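**Q** Whatever this is, show me its structure:
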Amino acid sequence: MAGPSSPDQRPISGADMLVHGRTKEIGTVTVAAGVEDPTAKAIQRGNELAAIKAERGGGEVLAGLESQKRRSFDLSRQTALRTRFGAGRAEVGDGGKIVLNKDGLGVDAASVESNSKSAERVIGQVSSVLNYTEVILEAQKTGKTPEAVMKDKKIKKPEWSDLRSSALNAIIDTDAIRSLMPDLDQLSDKAEQLKFIENALAKDPAFHSKIAEKMIAAEARTREFTSAASDGELDVHQETSKASKEAMAASARDAVDKMVTAGLSIPDADAQAQAIQKMLETGTNPDQITAQILAAVRSQQMAARPDMAIVENFYVAKAKYDALLPRMKGIKSLPATAQTRLQDEFDKADAALTTTETQFTSLADPVASEQALVALNGLLSAKSENGIYNSPIAQDLAGGVAARKRLTESEQAYKKKAASGREKESDARAQRLAEESDVITDMESILSESIGEVLSDRLQEMRSLDVLRRQKDEQALEETGKKDEAEALKKLGTAVESNWSKLDMKDRKRTIDRAQIGADVRILAYKGQEGLRNLIRRDLVKGGQFSLDGALVDVNTMTPEQTEKMEALIDSVLQQEGQNYARRLFADFIEARQLGNSRSKDIELTGTLKNLGLKDHEWDLLAKNFEGMITPHSQSSGGAELMAQLQKEGIDIKGKGGSFLLSLLFMLLGTVGVASAAAFKKTP
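**A** As a prediction, the model looks like this:
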């Protein structure tokens with residue numbers, strides 16, 4: 001029997017499917033003939049780009065950017081986190097207030113109280129944003145009023161209007177927004193500013209999830225605080241036991257939360273979390289707990305999705321068949337009994353492959369089933385490097401496993417009554433206060449960091465979609481015989497990906513050339529559209545050669561006719577790609593300014609911040625020359641919908657300064673979070 005057409009012995013990925021030619025054509029949204037409305041045009045373009053993304057393997061599998069589910073950090077965890085500060089002497093009193101027991105502290109009471117109040121302030125501020133975004137997102141999803149959602153979630157105080165105001169003002173007051181949009185006060189009043197931030201950022205599920213993830217990380221750090229118990233080894237052990245069990249419970253909840261977010265079939269999330277918590281608490285070998293839990297969840301998911309089981313059985317059968325095939329070539333050289341055994345084994349493998357292949361090809365959508373299995377395997381992989389698991393679920397379980405190990409060590413130490421050599425209580429509390437201060441300092445930057453990461457993700461999404469769009473445009477030009485235009489577009493694309501912000505695919509490090517960015521932005525400020533053409537021409541003739549009639553021609557030895565043809569081609573590229581080129585330069589410009597002198601290991605900054613400084617009249621020139629770009633032409637339907645929403649609510653962005661306009665454009669770029677999820681789904 002002939003083996004399957006694919007030589008792979010594993011479920012193939014979305015990228016493989018393109019190679020194998022198994023991806024379906026994706027339909028695009030069209031706009032009625034004659035419609036010139038820029039919002040409709042932008043939504044059309046955004047949906048086309050979304051379809052391109054889906055073609056490249058970006059459709060919904062088990063998890064994706066389009067998921068409406070999100071990480072959470074609820075009221076009970078917010079309250080519990082508050083009690084972790086105050087040198088181990090904080091408790092929840094009447095009305096939810098934090099009360100400190102100052103008796104026998106052994107350290108300066110004022111320092112303990114200061115830490116506790118600072119933690120309350122920071123946690124309260126971040127929690128107000130978390131609670132507000134949780135309510136507004138749930139209200140959008142269900143159609144309920146914010147007040148009804150607050151009641152469902154048992155958020156009793158403050159009133160909705162006060163919660164909204166405090167949360168949005170907290171966002172506006174972050175360093176991230178103040179540095180990105182220093183001219184936000186150009187909006188006529190505070191109400192307009194709140195509406196703008198609400199629509200541009202707060203309604204993005206990714207923003208809520210990033211804040212929740214950072215709070216979860218801060219919570220995990222508090223469980224590592226130095227013990228400040230006062231009654232000897234028993235107190236140490238009891239506190240360790242309590243903290244470890246809390247950590248295991250939180251780890252189990254986080255793991256299940258991520259399973260649900262990823263779209264796994266979890267009928268009862270609470271029961272699943274309790275089952276995982278029990279495995280963490282009762283496992284005899286902590287080093288094997290993660291693999292056991294992942295295997296149990298995988299079995300559960302395979303039972304819920306028979307189609308994935310069919311795909312796996314098929315590839316298992318194929319692997320066995322392929323392994324036996326080379327041995328069959330030498331079967332005649334074997335003794336008679338060995339020949340019989342091998343033939344029997346091969347016949348069984350052949351029969352199994354025939355059966356599983358029939359089942360596989362009979363699936364309603366084999367490609368979707370393969371993708372689902374690939375995603376599930378990635379999500380629940382039990383592989384690790386240097387003992388560190390690399391799958392998302394396993395990473396959430398890591399804290400629980402570490403807590404289980406601490407609990408085991410504490411139990412053993414207590415049972416043996418070994419001298420722990422614990423520091424004096426005052427020293428322990430002093431150490432703990434220092435640790436608390438570090439976490440408080442980091443929590444103060446959670447909102448700013450989350451804003452920066454959301455906008456960075458949007459920009460990266462825009463960059464990715466730009467590449468896919470250009471590839472599609474190049475292909476369309478080649479298919480219509482316009483090879484020179486296609487070559488010019490390809491060359492310009494290469495320049496755009498390396499002129500100002502270049503990603504090294506080998507080490508995933510981005511180099512940002514601040515000097516080049518600043519110089520090119522000034523060209524646009526002073527020269528406008530002429531300057532834009534000059535930049536595009538510079539990139540197209542880079543290297544001294546230009547493609548004409550399918551051949552590279554030296555620009556210095558061109559005939560007048562060739563020069564005229566080259567300039568006409570440059571004009572054609574300018575008309576087709578000019579706005580995208582300028583938009584990308586502006587986005588890289590604002591990102592470079594936003595980064596300041598960041599020392600991230602993933603970013604290398606060349607040039608200086610002075611290269612990015614513009615004089616007031618240069619900002620005004622940019623606004624004058626490119627204000628037309630601040631229409632819904634950002635490369636996503638979400639950007640268009642956001643502009644339409646701002647206009648609907650009476651927020652007029654016309655006539656604002658250049659700094660404001662460019663910052664607004666940056667926030668609109670790739671606004672996936674507020675786009676319709678339906679725009680990203682594959683069409684049959």
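**Q** Now do the strands in the stretch 351-500 of the chain.
**A** Ranges of strands in the stretch 351-500 of the chain, per DSSP state E, counting those that start in this stretch, are 384-385, 388-389.
**Q** Let me know the secondary structure of the closest residue to residue 545 other than its chain neighbours.
**A** Sequence neighbours aside, residue 552 is the residue nearest to residue 545 in space, at 4.5 Å (criterion: C-beta to C-beta, 6 or more residues apart in numbering). All C-beta atoms are positioned from the backbone trio N, CA, C, and that covers glycine. What DSSP: H, G, I helix; E, B strand; the rest coil gives for residue 552 is strand.
**Q** What pLDDT is listed against residue 552?
**A** We have a pLDDT of 89 for residue 552.
**Q** likewise residue 140?
**A** 86.
**Q** what stretches of this structure score poorly on pLDDT?
**A** By pLDDT under 70, the weakly predicted segments of the chain are 1-71, 87-108, 182-188, 228-238, 283-287, 382-390, 413-426, 596-600, 627-684.
**Q** per the record, what domains does it have?
**A** Following automatic domain parsing, one gets these domains for the chain: 75-224, 232-415.
**Q** First-to-last residue distance for the first one?
**A** Across its full length, domain 75-224 reaches 22 Å between end residues, using C-alpha to C-alpha, to the nearest Å.
**Q** What is the distance between it and the centre of its chain?
**A** 22 Å (C-alpha atoms, centre = their mean, to the nearest Å).
**Q** can you check the last one too?
**A** Its chain's C-alpha centre and that of domain 232-415 lie 25 Å apart, by C-alpha atoms, centre = their mean.
**Q** rewinding a little: could you list everything the residue nearest to residue 545 pairs with in the sheet?
**A** Taking DSSP bridges as the rule, residue 552 bridges to residue 547.
**Q** pretty sure it is touching residue 544, no?
**A** No. If you go by C-beta atoms under 8 Å, residue 552 and residue 544 don't touch, sitting 9.5 Å apart.
**Q** between the domains of the chain, which gets nearest to residue 466?
**A** Closest approach to residue 466 among these (C-beta to C-beta): domain 75-224, 19.6 Å.
**Q** Would you mind putting the CA coordinates of stretch 588-596 into CSV?
**A** Taking C-alpha atoms only, stretch 588-596 is exported to CSV below (Å, rounded to 0.1, in the frame of the first residue of the first chain):
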residue,chain,number,x,y,z
ASP,A,588,9.1,53.9,14.1
PHE,A,589,9.8,57.6,15.1
ILE,A,590,7.2,57.6,17.9
GLU,A,591,8.3,54.2,19.1
ALA,A,592,12.0,55.3,19.2
ARG,A,593,10.9,58.4,21.3
GLN,A,594,8.8,56.3,23.6
LEU,A,595,11.8,54.0,24.3
GLY,A,596,13.9,56.8,25.5
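**Q** ok, and for it, which residues are buried?
**A** Across stretch 588-596, burial judged by 16 or more other C-beta atoms under 10 Å covers 588-595.
**Q** Now do it: everything it contacts.
**A** 176, 179-180, 452, 455-456, 459, 500-501, 512, 514, 517-518, 521, 603, 605, 609, 612, 662-663, 665-666 (C-beta atoms under 8 Å, 6 or more residues apart in numbering).
**Q** want to try JSON lines for the domains of the chain, with mean neighbour count as columns?
**A** Below are those laid out as JSON lines (neighbours: other C-beta atoms under 10 Å):
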{"stretch": "domain 75-224", "mean neighbour count": "18"}
{"stretch": "domain 232-415", "mean neighbour count": "17"}
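**Q** Tell me which of those sits nearest to residue 565.
**A** That would be domain 75-224 among the domains of the chain, by C-beta to C-beta, at 43.5 Å.
**Q** now residue 279, nearest residue through space, not along the chain?
**A** Nearest to residue 279 is residue 293, by C-beta to C-beta, 6+ apart, at 5.5 Å.
**Q** how close does the one you found get to residue 408?
**A** Distance of residue 293 to residue 408, computed by C-beta to C-beta, to the nearest Å: 17 Å.
**Q** circling back: for the residue nearest to residue 279, grab phi and psi.
**A** Backbone geometry at residue 293, expressed as degrees, to the nearest 10, gives phi -70, psi -40.
**Q** which ones are touching it?
**A** By C-beta under 8 Å, 6+ apart, the neighbours of residue 293 are 255, 276, 279-280, 397.
**Q** May I see the buried residues of stretch 588-596 arranged in JSON lines, with distance to residue 251 and secondary structure as well?
**A** What follows is the buried residues of stretch 588-596, written out as JSON lines (distance: C-beta to C-beta, whole Å; DSSP: H, G, I helix; E, B strand; the rest coil):
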{"residue": "588", "distance to residue 251": "39", "secondary structure": "helix"}
{"residue": "589", "distance to residue 251": "42", "secondary structure": "helix"}
{"residue": "590", "distance to residue 251": "38", "secondary structure": "helix"}
{"residue": "591", "distance to residue 251": "35", "secondary structure": "helix"}
{"residue": "592", "distance to residue 251": "39", "secondary structure": "helix"}
{"residue": "593", "distance to residue 251": "39", "secondary structure": "helix"}
{"residue": "594", "distance to residue 251": "34", "secondary structure": "helix"}
{"residue": "595", "distance to residue 251": "34", "secondary structure": "helix"}
